[in-house]
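S.K.: A structural model of the following input is requested.
(chains A and B)
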Amino acid sequence: MTTIARRASRKYPASTPYLFIAPFFLLFIPFGAGSVLLALGIAFVDWPLGQSPEFVGFDKFATVLGDPLFGQAMGNTLYMLVGFLLALLPLCLFVAVLLKQLRRRTANVVQVVIFVPITMSLIAVALVFDLLYNERVGFVNGVLDLIGLGPVPFLTDADLAPWSIIALRIWRVLGYYAVILFAGLQSIPDEFYEAAQLDGAGAWQRFRHVTFPLLKPVTLFVLVASSIAAWELFAEVQVLTDGGPARSTLTAVMYIFGASFEQFDLGKGAAASVVLAFAIIVSTVVASRLLRSDDRA
Amino acid sequence: MNRGWTRRALMCGAVAAVVAAAACGSDDAGSTGDEGNVDDLEIWVFSSSAPPVIEDDFATAFPQYDVEIVEIPIADVTQRLVVALQGGDDLPDVVQLPLRESGGLFSTGQFLDLSEELGPMEDDFAEGILVGGNGEINSFTMGPGNMGLWVNQAALAEHGLAVPENPTWDDVVAIARDLDAASGGTQYLFVQPPGTNGANMFNAFFNSRGGTWWNEDGELSVDEDLATETLEFMVDLDQEGLVYHGVWTDATYWDAIRSEEIVGWTMNFGVGSTSLQENVPEQSGQWRLVTWPTWSEGDEQRTGVFGGSLYAGLDGADNPQGARDFIMWWLEPEGLQAQSDTLGLVSYQPAAEEIDLDIEDPYFGGQNVRQELASVPYPEFHFFHWPETEAAITAAVDQAYAGDLTPDEAVAQIVAELSGL
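M.R.: Numbering: from 1, shown residues only, chains lettered A, B, ... in the order given. Modelled structure (predicted):
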């Protein structure tokens, strides 16, 4: 123990650190862990509106898993998640690498600018995109019209609508994750690049053999955080397409909301949310395993 | 961590959660709470025009109630009610509900049965206005969503066109074709909104022909041929290029009305008359209401339902007598006047004998649009399983308009989905 640590331990009682973290747990236990446990409990009961719950075992899980709509909602969510990640990660890396090429002061300004979308209200952003995508007066269609490509039914075509949602999400979070990756890039010592350059490595080889491997922990965080958010897709879809057209953008969380607050079947909604949580955990484990296995290779 | 211990901990957690859930929803769910405080009357409303009327008129008529009004956005009211009902306390005495959500809620049996009060008055309402579940009458529809065809007659007249008196849909389609030809395909007499609103539009057309999805007992009861014919009618209009695609909640919709791109649309009073007057006041005198066209000459004139609202009392709340007094007050002369002032259409048929409903509207060239709309009732319609029904219709109608399904395949898909409920 260092001298400073010894002094500190004499000055404060051993319980002091616990007091500092207590406020977090005071909120987390009832509203975090408590609600998770309650949701888990509700998934095993049939609870008609205004009546007492009745234990039904795994019935609600069977209902949810046998419901083709839930399969469609999970499929749509997964489709949009994969599309989102495949587009987001390379773009984030590209922007982060570009940021690194800039002078420090310029990079600071650019970081602030690209970070702004994540600070905006999601509903406001969705409403703005609703106007941008508008077939008659939307800016995007206006531009496409000028070059003879419009109008494009961004939100009313079942094939295009999921990608229109993905584009909105990428616009909103690109700067946020790019800044995180940029911070990771800055932690890579310049000596590694100099050594690689001396060994004759070109720009792609330096990225492939220096940047990417050393950036893996940060990339893993970005991958996990963005995929969890993608599984929980709800508000922007609710505003832009309400799950349509033809249920092409119906997501798992919309299904859960509908089961709970439109069909008044809290058990079904809770069971669906447990299945969704399981899917999130599995996808997180798979993502971390994939990056780890690359490490060993 | 020891694997066995982990498993035990998880099991304990799950059991504890189930016990907690059971405890939360114990037998007294929805119980009355403080019985002594009978004069409090809590009312949840989503309509912004309701609170002043309730505070001024109802509270004056019933000074024995200490009225508390809680305003909740329409999108949240059902969610709040579900949480309150499951929590078992803090229930409002009365809640204002969208008609479309009432079927599912009333079938839960958690609402006051007003059969004793409203049953003897059954003949005073058109069919489908009294609503309830489990054989009870729980409320009556206020501001019923009778559909009409709103027409910019001045814009039509520029092309020498006019909708005749008592038209059939064939007459209207013929005018829409003439308008399309005369305007070079830039003006529309029909509107088809996307998504849920589009499904409800189709539903209103279907209902106007006597169609319904569920019967009064909540059993599936669809005339599939009628539904297919109705959808064919709408899809054909679209394929002919006679339909403007857009929704009135979109600002660009009102630009299209302003520029006379839209010169006609089928809608109820609330969105039709009220929104027209608010958004395009400069077109005052240009518009008129055509009551719902018939499907064939000589048919009885019936419209379709497109929403409405109602007040319902909660069985487990503190003040059931106050709730009954409040709901029935809307059928007193002051309440009827309040309905007319805030909602436009009054569903209680003897209302014209109690209050002045002879209201000429200068925006529509002096036409009494409220009375004319109310004079064409809609056939009985039951909003059971409505979220699922609406979602099934929305998906199938979307696919039919996109050409992915034929109308009969779309209807078969709806019926297949509803059969599984």
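
S.K.: what's around residue 106, how many residues?
M.R.: Picked chain A for this. 11 (other C-beta atoms under 10 Å in any protein chain shown). In short, each C-beta sits where N, CA and C put it, glycine included.

S.K.: wrong chain, I was asking about chain B
M.R.: 24.

S.K.: who in chain A is up against chain B?
M.R.: A:37-42, A:44-45, A:47-53, A:55, A:130-131, A:134-137, A:155-158, A:241-247, A:258, A:260-264, A:266 (C-beta under 8 Å from any C-beta of the partner chain).

S.K.: Buried among the residues you listed? Need that as a selection in ChimeraX.
M.R.: Provided next is the ChimeraX selection string for whichever of these are buried by 16 or more other C-beta atoms under 10 Å in any protein chain shown:
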select /A:37,38,39,40,41,42,44,45,47,48,49,50,51,52,53,130,134,135,136,155,156,157,158,241,242,243,244,245,246,247,258,260,261,262,263,264,266
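
S.K.: if I pick A:I166, what's in contact with it?
M.R.: A:I166 is in contact with A:M80, A:G83, A:F84, A:A87, counting by C-beta atoms under 8 Å, 6 or more residues apart in numbering or on different chains.

S.K.: And the residues you listed, which of them are buried?
M.R.: A:M80, A:G83, A:F84, A:A87.

S.K.: before we move on, the earlier item: next step: the residues of chain A next to chain B restricted to helices.
M.R.: A:L37, A:L38, A:A39, A:L40, A:G41, A:I42, A:D130, A:L131, A:G258, A:S260, A:F261, A:L266 (DSSP state H).

S.K.: closest to chain B among those residues?
M.R.: Nearest to chain B, judged by C-beta to the nearest C-beta, of these is A:G41 at 2.9 Å.

S.K.: Looking at that closest one now. What's its pLDDT?
M.R.: Listed pLDDT for A:G41 reads 96.

S.K.: Next one: it from A:F261, what distance?
M.R.: According to C-beta to C-beta, to the nearest Å, A:G41 stands 18 Å off from A:F261.

S.K.: Give the residue spans of chain A that score low on pLDDT.
M.R.: Counting by pLDDT under 70, chain A has low-confidence residues at A:1-10, A:293-297.

S.K.: B:P73 reaches B:W44, doesn't it?
M.R.: No: look at B:P73 against B:W44 with C-beta atoms under 8 Å: they stay out of range, at 11.0 Å.

S.K.: Quick check on these two: which one has the bigger neighbour count.
M.R.: A direct count of neighbours by other C-beta under 10 Å for B:P73 and B:W44 places B:W44 higher, at 22 against 10.

S.K.: List the contacts of the more buried one.
M.R.: Under the criterion of C-beta under 8 Å, 6+ apart, the neighbours of B:W44 are B:V70, B:I72, B:V77, B:R80, B:L81, B:P92, B:V94, B:V95, B:Q96.

S.K.: from those, which ones fall inside helices?
M.R.: The helices, defined by DSSP H, take in B:V77, B:R80, B:L81 from these.

S.K.: Can you give me the distance of the closest residue to chain A within the stretch 251-400 of chain B to A:T249?
M.R.: Residue nearest to chain A within the stretch 251-400 of chain B: B:P387 (3.5 Å; C-beta to the nearest C-beta). From B:P387 across to A:T249, the span is 17 Å (C-beta to C-beta).

S.K.: Which of these two has more residues huddled nearby?
M.R.: Neighbours were counted for B:P387 and for A:T249 using other C-beta under 10 Å; A:T249 has more, 28 against 19.

S.K.: Not counting sequence-adjacent ones, nearest residue to that one?
M.R.: Ranked by C-beta to C-beta, 6 or more residues apart in numbering or on different chains and with sequence neighbours excluded, the top spatial neighbour of A:T249 is A:T241, at 4.6 Å.

S.K.: now A:R172
M.R.: If the residues on either side of it in the chain are set aside, A:R172 comes closest to A:P117, at 4.7 Å by C-beta to C-beta, 6+ apart.

S.K.: Distance from whatever helix or strand A:I166 lives in to the middle of the chain?
M.R.: Assigned by DSSP states H and E, A:I166 belongs to helix A:161-186. Distance of helix A:161-186 from the chain centroid (C-alpha atoms, centre = their mean, to the nearest Å) equals 10 Å.

S.K.: and it, which residues are buried?
M.R.: Of the residues in helix A:161-186, those buried (16+ other C-beta under 10 Å) are A:161-170, A:172-182, A:184-185.

S.K.: Look at residue 102 and say how many residues are nearby.
M.R.: Picked chain A for this. Per other C-beta under 10 Å, the neighbour tally for A:L102 reads 14.

S.K.: not quite, I wanted chain B
M.R.: Taking other C-beta under 10 Å as the criterion, the count of residues near B:S102 is 26.

S.K.: Would you mind measuring from it to chain A?
M.R.: For B:S102, the distance to chain A equals 13 Å [C-beta to the nearest C-beta, to the nearest Å].

S.K.: mind checking the backbone torsions on the residue lying closest to that residue once chain neighbours are set aside?
M.R.: Counting by C-beta to C-beta, 6+ apart, B:V131 is the residue found nearest to B:S102 once chain neighbours are left out, at 5.6 Å. Backbone torsions for B:V131, taken as degrees, to the nearest 10, come to phi -130, psi 150.

S.K.: repeat for A:P13
M.R.: phi -70, psi 160.

S.K.: what does the one 10 residues further on give?
M.R.: Summarising the backbone geometry of A:P23 under the convention degrees, to the nearest 10, its torsions are phi -60, psi -40.

S.K.: Same check on B:E261?
M.R.: Dihedral angles of B:E261 (phi, psi; degrees, to the nearest 10) stand at phi -70, psi -40.

S.K.: same question, the one 4 residues further on
M.R.: Per-residue torsions, B:W265: phi -160, psi 150 (degrees, to the nearest 10).

S.K.: I'd say it and B:M147 touch.
M.R.: No: using C-beta under 8 Å as the test, B:W265 is too far from B:M147 to be in contact (10.2 Å).

S.K.: residues near A:G71, how many?
M.R.: That count, for A:G71 with other C-beta under 10 Å as the rule, works out to 13.

S.K.: Now do the SS call for it.
M.R.: On the three-state scheme (DSSP: H, G, I helix; E, B strand; the rest coil), A:G71 is labelled helix.

S.K.: Compute the distance between the residue nearest to B:I175 when sequence neighbours are not counted and B:E240, please.
M.R.: Once flanking residues are discounted, B:I175 sits nearest to B:L161: 5.5 Å by C-beta to C-beta, 6+ apart. Here the criterion is C-beta to C-beta. By it, B:L161 lies 17 Å from B:E240.

S.K.: higher neighbour count, these two?
M.R.: Each of B:L161 and B:E240 has its neighbours counted (other C-beta under 10 Å); B:L161 has more, 20 against 13.

S.K.: which SSE is the more buried one in?
M.R.: Here B:L161 is assigned to no helix or strand, by DSSP H and E.

S.K.: That one against B:S183, yeah?
M.R.: No: counting by C-beta under 8 Å, B:S183 is not a contact partner of B:L161; they are 10.0 Å apart.

S.K.: can you count the residues close to residue 200?
M.R.: I'll assume chain A. By the measure other C-beta under 10 Å, the count of residues near A:G200 is 7.

S.K.: other chain: chain B
M.R.: By other C-beta under 10 Å, neighbour count at B:N200 equals 21.
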